[in-house]
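**Student:** sequence isn't available, so here's the structure alone:
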Ligand code: NDP
């Protein structure tokens with residue numbers, strides 16, 4: 001059984017910033033990288049809004065730099081996903097594969113993932129014309145017809161971005177009013193390549209993974225219940241994100257959407273010694289820089305907590 005003073009779950013900007021700070025405080029932190037090492041930024045292309053990179057930086061490269069910085073000060077990395085945690089007593093117990101780890105403090109930086117519709121056909125065609133990341137996959141749809149599902153800011157942003165490649169982008173929304181902010185709506189509505197299909201609930205994505213991928217989306221009209229197929233070559237799901245916090249259900253306090261609740265101005269959770277940072281506790285900003293900021297806070301909170309315990 002390995003024991004840790006600071007165990008950090010997640011290797012996105014929040015987790016790796018927590019590691020840099022905890023390592024520089026001589027706490028020899030360990031980071032469990034999770035199933036998507038580097039987090040959501042590894043599936044983006046260029047990051048233009050992270051301060052300090054005036055020319056922009058590729059998401060995966062930025063996360064390598066974060067990791068190198070954490071390694072430089074003595075962070076240990078473990079691979080895989082933690083499958084079970086017990087936060088009822090300290091040190092906390094965590095299961096990683098066949099191993100059991102204990103931790104005096106835990107930093108939860110498990111991030112968020114794009115929500116999916118939950119259709120069997122969506123799962124089958126994921127990567128074969130279905131995507132949840134326009135910046136990752138838009139490039140593959142040069143001169144193609146696309147659908148974007150959703151009516152929020154993400155959907156508007158993805159649709160606008162995809163017009164760089166596609167001949168036409170149809171936004172399929174389940175209501176007749178967008179949720180997106182006015183400025184994002186206006187930008188999308190002004191774009192001649194974007195069309196809106198209202199009151200449309202996707203019920204099936206058509207196509208064959210072995211034969212060229214997606215060919216269309218079947219939508220049901222919410223008023224008439226009539227179904228029709230919209231022919232497209234790709235479908236981008238942009239219906240929001242959900243925090244990766246299932247592991248902590250029943251142990252950490254969360255809001256109704258599963259975001260971990262932290263005490264204002266801190267990263268403290270309801271369990272003393274457990275700190276949450278990044279998208280796992282932030283439904284609002286969800287930016288690399290804010291995640292890094294709260295990661296720094298979590299490491300400082302953990303350091304102070306340990307100091308108070310051990311003097
Ligand atoms: P939102 O929750 O704001 O929007 C999700 C959209 O998807 C809604 O229109 C919703 O419909 C629709 N939807 C949800 N579930 C389903 C489903 N099962 N089937 C069909 N449609 C569905 O998420 P976003 O990711 O768009 O935005 C999240 C936050 O991030 C917001 O605060 C947003 O402002 C912010 N953001 C800001 C950006 C910017 O300013 N550049 C860019 C991207 C995000 P309905 O409206 O009916 O609920």
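**Tutor:** Cool, got the structure. Just so it is clear, the structure is predicted and the values come from calculations on it, not from any experiment.

**Student:** tell me where the stretch 101-250 of the chain has helices.
**Tutor:** For the stretch 101-250 of the chain, the helices defined by DSSP state H, counting those that start in this stretch occupy 120-124, 134-137, 153-162, 182-190.

**Student:** in the last one, what's buried?
**Tutor:** Meaning helix 182-190. 184-185, 187-188 (16 or more other Cβ atoms under 10 Å). Glycine gets a C-beta too; all of them are placed from N, C-alpha and C.

**Student:** among these, which ones lie close to the ligand?
**Tutor:** Checked against the ligand using Cβ under 6 Å from any ligand atom, these give no members in range.

**Student:** picking up where we left off before, could you tell me the least trusted of the helices of the stretch 101-250 of the chain?
**Tutor:** Out of the helices of the stretch 101-250 of the chain, helix 134-137 stands lowest, with a mean of 83 (criterion: mean pLDDT).

**Student:** show me how far that one is from its chain's centre.
**Tutor:** 14 Å (Cα atoms, centre = their mean, to the nearest Å).

**Student:** then stretch 191-207?
**Tutor:** 24 Å.

**Student:** hmm, who's touching that stretch?
**Tutor:** Applying Cβ atoms under 8 Å, 6 or more residues apart in numbering, the contact partners of stretch 191-207 are 117, 119, 121-122, 125, 128-130, 149, 159-160, 163, 166-176, 188-189, 213-223, 227, 229-230, 235.

**Student:** thought residue 17 was touching residue 295?
**Tutor:** Yes. With contacts counted by Cβ atoms under 8 Å, residue 17 reaches residue 295, the gap being 3.4 Å.

**Student:** re the thing from before, could the buried residues of helix 182-190 be laid out in JSON lines, adding distance to residue 13?
**Tutor:** As requested, the buried residues of helix 182-190 are exported to JSON lines (distance: Cβ to Cβ, whole Å):
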{"residue": "184", "distance to residue 13": "24"}
{"residue": "185", "distance to residue 13": "29"}
{"residue": "187", "distance to residue 13": "27"}
{"residue": "188", "distance to residue 13": "28"}
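
**Student:** farthest-separated two in these?
**Tutor:** 185 and 187 (7.3 Å; Cβ to Cβ).

**Student:** now the common contact residues for those two.
**Tutor:** residue 156.

**Student:** check contacts around whatever residue of the stretch 51-200 of the chain ends up closest to the ligand.
**Tutor:** Residue nearest to the ligand within the stretch 51-200 of the chain (Cβ to the nearest ligand atom): residue 152, separated by 2.4 Å. Residues near residue 152 by Cβ under 8 Å, 6+ apart: 178-180, 238-240.

**Student:** closest one of those residues to residue 256?
**Tutor:** Of the contacts of residue 152, the one sitting nearest to residue 256 (Cβ to Cβ) turns out to be residue 240, at 13.8 Å.

**Student:** against residue 107, how distant is that closest one?
**Tutor:** 25 Å (Cβ to Cβ, to the nearest Å).

**Student:** of these two, give the one with the bigger neighbour count.
**Tutor:** Legend: neighbour count by other Cβ atoms under 10 Å for residue 240 and residue 107, higher for residue 107 (31 against 16).

**Student:** show the contacting residues for the more buried one.
**Tutor:** 6-9, 15, 18, 22, 29, 267, 275-277, 295, 298-299, 302.

**Student:** got it, and residue 57?
**Tutor:** 46-47, 50, 65.

**Student:** wait, residue 47 sits on residue 58?
**Tutor:** Yes. Assessed by Cβ under 8 Å, residue 47 is found in contact with residue 58 at 7.3 Å.

**Student:** between those two, which one's more packed in?
**Tutor:** More crowded of residue 47 and residue 58, by other Cβ under 10 Å: residue 47, with 21 against 15.
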